[in-house]
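**Student:** Could you look at this predicted model? Sequence included:
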Amino acid sequence: MTPESIVAVAIVASMHVVGLAMLLALWRLLRGPTVPDRILALDTLFVAAIAELMLFGMHLDTPIYFEAALIIAMLGFVGTVVLSKYILRRDIVE
Amino acid sequence: MNMLFAILLAALLAAGSFFILVGSYGLAKLSDFFKRLHGPTKASTLGVGCVLLASVGYHTTLGSDPQPRELLVTAFLFITAPISAHLMAKAALSLKMATRPPEPGRAQTAADERAEDEPA
Amino acid sequence: MNHLPLLPVVVPLFAAALALFAEHRRFGMVPQRVIAGLSLAVQLGVAICLLRAAADGTVLVYLLGDWPARLGISLMVDRLSAMLVLVSALLAVACLLHAGAGWDRRAPHFHAFFQVQLMGLNGAFLTGDLFNLFVFFEVLLIASYGLMLSGGRGDRMRAGFHYVSVNIAASTLFLMALGLLYGLLGSLNMAEMSARIAQAPTTDLALIQAAAGLLLLVFCTKAALLPMYLWLPQTYAHAPAAVAALFAIMTKVGLYAVLRVGLLLFGASAGALAGFAWDWLLPAGVLTLALASLGVMAAVRLRALAAYLVLVSAATLFIAFSLAREGTIGAGLYYLAHSTFAGASLFLIADLVRRRRGADGDRGDRGLPVPAKTLPGLMFLIAAVSLAGLPPLSGFIGKLLLLMATTGQRWVWAVLLASSFLVLVGMARAGTRLFWRVPDDAVAATPAGNAPPAPARRLETAATVLLLAYGVAMALAAAPILDYTRAAAAQLLAPDAYVEQVRAQSPAMRAP
Amino acid sequence: MPASLDLLLCLPFLFALLISLGRPRSRSTAAWLAGAAPLLGLGLLATMTPEILRGGIVRAEHAWIPQIGLGFDLRLDGLAWTFAGLVLAIGALVVMYAHYYLSARDSAIRLYAYLLLFMGSMLGVVLAGNLILLLVFWELTSISSFLLIGYWHHRQDAREGARMALAITGGGGLALLAGVLLLGHIVGSYQLDDVLAAGPQIRAHALYPLTLVLVLLGVFTKSAQFPFHFWLPHAMAAPTPVSAYLHSATMVKAGVFLLARLHPALAGSELFFYLVSAIGAATLLIGAWQAIFQQDIKGLLAYSTISHLGLITLLFGLSTPMAVVAGLFHILNHAVFKASLFMAAGIIDHETGTRDMRRLGGLRRYLPFTSTLAIIASLAMAGVPLLNGFLSKEMFFAETLDMSDAHATMRSAMSLVAVLAGIFGVAYSLRFVHDTFFGKGPRALEHAPHEPARWMKIPVEILVVLCLIVGIVPAWTIAPVLGAAVRGTLGAAAPDYSLAVWHGLNLPLLMSVVSLIGGVALYFGLRRLLDLHAIVRQSLGRRIFLFNVDALFTLAQRLTRRIANGSLQRSLAWLVLAAIAVGLAPFLAGHAGIEWRAPQPMPPLGWILWLLLAACAITSLRWYRQRLVVLILLGGAGLAVSLTFVFLSAPDLALTQLLVEMVSLPLLLLGMHYLPFRSPPERQPLRRWRDIAIALSAGLGVAVLAYAVMTRPAGGIGEEMLARSLPEAFGRNVVNVILVDFRGFDTFGEITVFGIAALLVHALLRRARMAPEKIMPGPPIPLPVPADLAQIMFPLTLTVSFFLFLRGHNAPGGGFVAGLVLAVPLLMQYVMQGAASVESRFGFDYVRCIGVGLLAAGLGGIAPLVLGYPFLTSGHVVWTLPLIGDLELTSAMVFDTGVYLVVFGGAMLILSMLGTIKPSRTRVARDGVIDLDQRSLRTGEVER
Amino acid sequence: MELALASAIGLLTASGVYLLLRARTFDVILGMTLLSYATNLLIFASGRVVAGKPPVLRDGVAATLAYYTDPLPQALVLTAIVIAFAMTAVSIVLAIRSRADNGSDHVDGGAGELRHEARVDAYHDDRRRKA
Amino acid sequence: MKRWIPSWPLSLTIFCFWLLMNSALSWGHAVLALVLAIVVPLFAARLDREFARIGRLRQVPRMLWVLGWDIVRSNIEVARRVLGPESAITPGFIWVPLDIGNIHGVAALTSIITLTPGTLSAVLSDDRRHLLVHVFDLKDPEAVIAQIKQRYEAPLMEIFP
Ligand code: NA
Ligand code: NA
């Protein structure tokens, strides 16, 4: 096994593991039972998506997905924040 | 590529994906919201951190993207993850999903308890 | 390089942007009105120049970004588009005059919306690219939402939601159709697509037909063809007068698109798919006409009546276009211009009536007669005569042309004439109810606290008179107009020349 | 000569305009102006008379729409000359009469304007040398008569009568239009000369029956022929001058005029013969019979008019040249005596205040002169010898007897009809004379009637004198006129005839005698048998008409309300159903179906994504009534879509989709605050199953089409874009190059949409006061820690935004993405710190920002114009700067800056407007606050 | 892959259409959002399903469809996304204004709501009568 | 100087940030980074509400090291707990009294508490004197409070006085 193939296998395996993690989060998203649970599940999905994006970038050997990952990391929390704020106050901008 | 480096990368990837999986597993498995909240917010930070580190290593060695730009992703994640967690916890408390201890130095009455969620 | 085709799109955009800067209480309305007026004057001038340039049959092709038409987006000016640009500019003059009497002050961003509406209309008429057509549809739609809703409240909001929802659904369908068509034909330039359809493998025909059918369905929705017309009476009856008048051309955009796409993509040279859509457009148009005519009779409010008349004219045009002959299309184009102006004028008259009568508005079934009714009554009479297709105004000529072009199709005649009759009866009743009634017991029962009738504003009257004057001018100058519209029809029916001219136009500096 | 013909036609219109615009103060000025038109017209006509009497035709031709054979062609032949004279002469008399008739309250200007309008239209009908032009004026007479009948529009009967007349005659006009078009189609020309010359060709054509029926529909409605006759009595609601003009001499004569005009073209077939004479006979009898039982003088005269029109029609139906002569003659005679009778009726009405014969009687004593005039005219109407009516009636009798043996049955029937009608005619004439001028009465009048003004009687006098002299010395008076008319109608086929009072003892004379005696007997017999005054006849025609019109209106209303009930759900359902049908049609229509091709294999990761998307979409249906929950699920779906874009090679799309998700979520949440907490439950299984069926069909349809298209081999224009992007547009990110260069115009429109949408939101919310269902208790929550963290992030995001903007051309990014990356963190500031706090520090005028953006985009686009290149042509400059190196600048960047500003400004304007809605205090006070304990964990909202 | 994408588009369309036909403004807007996902994927799919070949040109790789996916549908989708967002914004604002002005979030306003309730009542009466 | 460069650390961060973000280092980018480092903070400063001071940065590297180590360590710990039986977990809330007053410091502290596995800051009291922390496995509340105050709060107070 060449080093390249080891890394390649590791990348693909990781992608599937992260995909599995996303499925678990999906389960929580669908299942609930409470609203904060669903928010949390969505937040988790976003975080997992960052990993998946970076892994995909490595898989294809391209930096092209960096921007998308950056955006999720930078702004992915917006959904969590506004949803939580909605529960707290309903009017999310006061 | 160096074999050692390859193994290191593989290990980082394994660790990263492991923590991500554990986080999600906790999310799916644990019974109480506040317990679930710990899983993903933590495990994911380290999990994603490891993956990003691996990515930095990978792209730097392969030369297709010599800058360790993924660090920025980590930086942002470290700033935003606490905001998310903080607000989710607040929201859950507002919905009375857990009883919280009385705040030290304040007399706690039933009426007060309600006011507390929405501090005066 | 001749930049003329570009101006109808760019000038209103600049005007809209500038109008945003002129919006300040400190400035008052004057700067905005000046900007709007100047912009419209330029557009009118440009439209006339375009018309003259296109009159001899040349197709002006403007390659945006200097890319060949297949790669980039091209603007196309043939007889039809030049004519429609002129019609919308002429209509806009009247609408702007009317709005300038005060509505523009009450509706925030009115002038920006108005200019963008024109930009959208002109863009839709001029573009030679199907996706760009979608974009300009959206431009004119969003501006129309703005015009309709800005400054409004109450029922108008509900009607607005209805209008917006239907249009979003239609736009979604538009996009789906575009996606499928690009997937099948690999191009978005209409001329290019036309050439590709002719060479499509037989296994793709059903798919192309399905996709193109969806596309035409969208256009039919915008043009309010059965069964997708239900949104129109709602919307038009609730829009402010100047806006409803401007909307008289909105259904025409849908019709234009049907005509353009139907004849360019599925024209004579489209092989197996030639003219596939026309067969069912005719019965749909006939049914729409029947229901719309009944709607005219059923309308209690004058604005609703005007809205149904818009529908009548759209349905009539569908009938004319679906017959797809030089005579019918030429006649239809004349009728199109006529019905736009006449329909618009009726909305303005309805508003005049509504404001003069106070609380009862433009209801026909109760309320006081219109005070100081001579002028409004006369204007209503002229509009009604024109819209019912009675002589000697443009409506008669339009209808006459249609009837002549459809000699031999007896049931088309029957429907056209029957619709004329219903419209005549409906308008006679509406007119006598509004202008000829005197206070009777029923009226005495309405609360005396009627809002005092608003005075007639000169500009508003001028706007209405202008629209009616267009109709008179169209009747007087029918011969040259008909020459033009027939030539336009001929040009549409022989799309090969158009396609050739588009494909042959080479960029200024690039390789073709 | 042609010029004077134009002038002749224009005169009435000119004077109508003059009167209505000039608004003369005094009524007599108005009357003089109104009278001047027909008088001048008569003068003009006189100048043309020699030519006409020589048998010539005066023409004036102007082009109007030559393409369709419609010219403004006027043509004055004998027939037209006769009718024009009639229209003008009686018009002049009517104007004069009206001047004295109108009360001070009535607007003389309006009446004269309408009258002149009508006169002009009528002249147009008469003079038209082109059938379509004739039709134009024909319909104008309908419109102007509508206005005239409704002159006293404060009266219900006037409005109804006007509407009825318009509906019937206007509707008939439409039929006539069709008929004329068919005539033109058959002949190939609408020129009257051509049509008249093409009689045999027309009659031989397969379309002849249809054409004939359509034309006759026009004729019969206009001339009040059975069964369309009922509008005429109701038109009597018009002022009497109007009735005298329209319903004796002109409007109703337009129909029979057309019959005469088109006689050479249409008559001469069996169909014509039976149809026209049968209808004429029916009208003749019904009108005459009904006239006997009227109580209103004008009603009696109206039915009498119907009857006489029937007579004329019958004559034209008989089609023999002599019948035509008789018809023309009777047209003239009837016009004269009926106009005078109407005027007399008007005088009676004017002086007594009533036209009801039950209240009248014995007027002979009060109005001796008028009575005499009216009696003479009535006798003319009854067909008493030595009066003009007698002559034409006698000719009519002769013609019924003169039918060929081929029509023997018809001959007997028509003779009988003629005698019967004669009897009825005498009876109603007698009734009029007897009930009005003789016997007891008048009853219950406000004041004793007396003779009217001198000048009011003059028109009646003139007409009655005409009745007399025509009746006594026809050959010296009417003969040339009739001769001209006959020549104009029949041309070479004009027969020889003699206009003499005495033709010897013959059958027609016997018939006259029978009808005179029979009429007297009938009248007095009827009086003996029943109380004529007690009979109140309902007009059956009116009832049927009103019933039909009401039914039509009701049907229209019901149908319209039923179909267009304003339901959005219905609109959308129809749209979707239509789409399904259209998508399905080609596969049912028998085209070669879809050619299925195998898909590419799917990696497991793809299925995970698929599961994510599908699960979110389907679960959102389960939860859609719980709005907060469904938004979270939609967030999942949005992420799945973005990831799909990532895996399927669209990083730009993924980026944009993500950012739009991040903006839409707050947007929807902000909106949700002002909407009810959830959708109420739906418990209509039928409706739901219907919707499910529609949804599934739509989904299946789209999926099938999508699959079929996706599996086809690729070959889009995109390939050329790939190839030319770098060398010619200097960008590596081809998607961005398309956005700012290849298809920059789309982007141009797109940002306009975006900016305008934001402005619309601004316009809608600027002054809106709204309240949520209920509000949360307590003051806003401070969020110091998240606020601080977000504040630290802000400069970083600003930098990223700039980065994405600059890189867009070569890597994922661009103006749109960058604009949102600037907007979203700023929104976070709004969320964390509150809108007031942010706006006080970071005061942006987002409206102007949009304006600047649009201007920048526009300027970026037009810059190349200066160099002679088209709009949006991108230029490319590489500056080599010391120290810094190569600086690449493309003009598309200016354009992209515009995009950036519009997107930023627009997004912020939308969100900030939504975030800063002013609450309606009253509503908040009314609806109260949320009980926090009532909130459900499951949905996050108050459960009700 | 095509099967998955097509079925996903179909599912999104079906869900969107179902929501579009609901009676509340917000539900209709949700339907539009789902439909816009479907639309975007459909347009995108017209460039064919190509994994891992983003149309960002790299040196030394021929700029053909063999190495890059068709960029044009992507650009179209971008435009569509932006326009859909603008429309969503307008419709949500319209929904809240309509509710504030007319007192109901039924798509047909207060009258529509009453009609709806009457229909539901009739249905229940019917059920009760049958039972 | 304060007027043009409101915050040196921020300007420095942005400078590095820009250079990191771009795929290649070049003079051009350096110049651009410099410009941004000056311009962006000017904009951003307008949003700053509390203008909290930044003190000595001496403690930063040690801080980061401690933090990194703690994250790794407790991640493993939490992972173990998650994979183990749930009944073994005893979660709970504790109020941590705060001495730090600088808002940046408080923010950093709450972030650190959240980022280190096993603890999660939920609520900051209105007077900012107490922080409600949820502990994943709460055995000894005092020990947790002591660890937080000593390991994180003390150095943070030096950085953000
Ligand atoms: Na969305
Ligand atoms: Na849309």
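**Tutor:** That came through, no problem. Ligands and ions are numbered 1, 2, ... in the order given.
**Student:** who touches residue D:882 in this structure?
**Tutor:** For residue D:882, the contact set (CB atoms under 8 Å, 6 or more residues apart in numbering or on different chains) is empty. In this view, the C-beta of every residue, glycine as well, is placed from N, C-alpha and C.
**Student:** Over to residue D:223?
**Tutor:** D:252, D:253, D:254, D:255, D:256, D:259, D:309, D:312, D:313.
**Student:** Check residue D:588 too.
**Tutor:** Here residue D:588 is in contact with no residue (CB under 8 Å, 6+ apart).
**Student:** Now do the phi/psi pair for it.
**Tutor:** When read as degrees, to the nearest 10, the backbone of residue D:588 gives phi -80, psi -30.
**Student:** give me the number of residues near residue B:96?
**Tutor:** Other residues within reach of residue B:96, judged by other CB atoms under 10 Å in any protein chain shown, total 15.
**Student:** Check residue C:69 too.
**Tutor:** So residue C:69, with other CB under 10 Å, has 29 neighbours.
**Student:** Secondary structure of it: a helix, I assume?
**Tutor:** No: Residue C:69: not assigned to a helix; according to DSSP: H, G, I helix; E, B strand; the rest coil it is coil.
**Student:** Please identify the helix or strand for residue 37.
**Tutor:** No chain was given, so I picked chain A. helix A:35-60 (DSSP states H and E).
**Student:** Switch to chain F, please.
**Tutor:** Assigned by DSSP H and E, residue F:37 belongs to helix F:27-45.
**Student:** Please name every helix or strand in contact with that helix.
**Tutor:** Helix F:27-45 is packed against helix D:784-807, strand D:885-890, helix F:8-21, with contacts defined by 3 or more CB pairs under 8 Å, 6 or more residues apart in numbering or on different chains; DSSP states H and E.
**Student:** right, so these: which one is the most enclosed?
**Tutor:** With neighbours defined as mean count of other CB atoms under 10 Å in any protein chain shown, these peak in mean count at helix D:784-807, which reaches a mean of 23.
**Student:** That helix and chain A, are they touching?
**Tutor:** Yes: applying CB under 8 Å from any CB of the partner chain, one finds helix D:784-807 touching chain A at D:786, D:793, D:796, D:797, D:800, D:804, D:807.
**Student:** mind putting those residues in JSON lines, pLDDT and distance to ligand 1 included?
**Tutor:** Putting the residues of helix D:784-807 next to chain A into JSON lines (pLDDT from 0 to 100; distance: CB to the ion, whole Å) gives the following:
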{"residue": "D:786", "pLDDT": "91", "distance to ligand 1": "24"}
{"residue": "D:793", "pLDDT": "88", "distance to ligand 1": "23"}
{"residue": "D:796", "pLDDT": "91", "distance to ligand 1": "25"}
{"residue": "D:797", "pLDDT": "91", "distance to ligand 1": "21"}
{"residue": "D:800", "pLDDT": "92", "distance to ligand 1": "22"}
{"residue": "D:804", "pLDDT": "91", "distance to ligand 1": "20"}
{"residue": "D:807", "pLDDT": "84", "distance to ligand 1": "25"}
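**Student:** Could you report the neighbour count for the closest residue to ligand 1 within chain A?
**Tutor:** Using CB to the ion, residue A:79 is the residue of chain A that sits closest to ligand 1, at 10.7 Å. For residue A:79, the neighbour count with other CB under 10 Å is 26.
**Student:** Could you look up the SS state of it?
**Tutor:** Per three-state DSSP, residue A:79 ends up helix.
**Student:** if I look at it, how far off is residue B:6?
**Tutor:** Note on residue A:79: its distance to residue B:6, by CB to CB, to the nearest Å, is 37 Å.
**Student:** Likewise for residue C:505?
**Tutor:** 57 Å.
**Student:** which ones are touching residue 33?
**Tutor:** Going with chain A. Residue A:33 sits next to D:937, D:938 when contact means CB under 8 Å, 6+ apart.
**Student:** should've been chain F
**Tutor:** For residue F:33, the contact set (CB under 8 Å, 6+ apart) comprises F:14, F:15, F:16, F:18, F:19.
**Student:** if I've got this straight, residue F:134 is in a helix?
**Tutor:** No: counting by three-state DSSP, residue F:134 is not found in a helix; it is strand.
**Student:** still on that earlier bit, looking at residue C:505 and residue B:6, which is more packed in?
**Tutor:** Taking neighbours as other CB under 10 Å, residue C:505 and residue B:6 compare with residue B:6 leading, 22 against 19.
**Student:** Quick one, grab the pLDDT at residue 37.
**Tutor:** If you meant another chain, say so; for now it's chain A. Residue A:37 carries a pLDDT value of 95.
**Student:** that's the other chain; I wanted chain E
**Tutor:** So residue E:37 comes in at 96 (pLDDT).
**Student:** Just give the number of residues close to it.
**Tutor:** For residue E:37, using other CB under 10 Å, the count is 28.
**Student:** Go ahead and confirm it touches residue D:644.
**Tutor:** No: the pair residue E:37 / residue D:644 is not scored as a contact, 9.5 Å apart, by CB atoms under 8 Å.
**Student:** immediately after the strand or helix carrying residue D:906, which helix or strand?
**Tutor:** Using DSSP H and E, residue D:906 sits within helix D:892-915. Beyond helix D:892-915 in the direction of the C-terminus, DSSP H and E gives the next helix or strand as strand D:918-919.
**Student:** Give the pairing partners of that next one; include direction for each.
**Tutor:** Paired neighbours of strand D:918-919 in the sheet (DSSP bridges): strand D:769-770 (parallel).
**Student:** In contact with the most centrally placed residue in chain B, which residues?
**Tutor:** Computing the C-alpha centroid of chain B and ranking residues by CA atoms, centre = their mean puts residue B:41 first, at 2.2 Å. Applying CB under 8 Å, 6+ apart, we find residue B:41 in contact with A:43, B:23, B:81, B:84, B:85, F:114, F:120.
**Student:** Show me which of those residues is closest to residue C:235.
**Tutor:** residue A:43 (41.8 Å; CB to CB).
**Student:** residues near the closest residue to chain F within the stretch 401-550 of chain D, how many?
**Tutor:** Closest approach between the stretch 401-550 of chain D and chain F, counting by CB to the nearest CB: residue D:550, at 71.0 Å. For residue D:550, the neighbour count with other CB under 10 Å is 10.
**Student:** Now it: which helix or strand?
**Tutor:** Per DSSP H and E: helix D:540-563 holds residue D:550.
**Student:** Which helix or strand lies directly C-terminal to the helix holding residue F:37?
**Tutor:** helix F:60-83.
**Student:** can you tell me if the helix or strand residue C:216 falls within touches chain E.
**Tutor:** Using DSSP H and E, residue C:216 maps to helix C:202-222. No: Helix C:202-222 lies out of reach of chain E by CB under 8 Å from any CB, never closer than 9.8 Å.
**Student:** quick one: that helix near ligand 2?
**Tutor:** No: judged by CB under 5 Å from the ion, helix C:202-222 makes no contact with ligand 2; its nearest approach is 11.0 Å.
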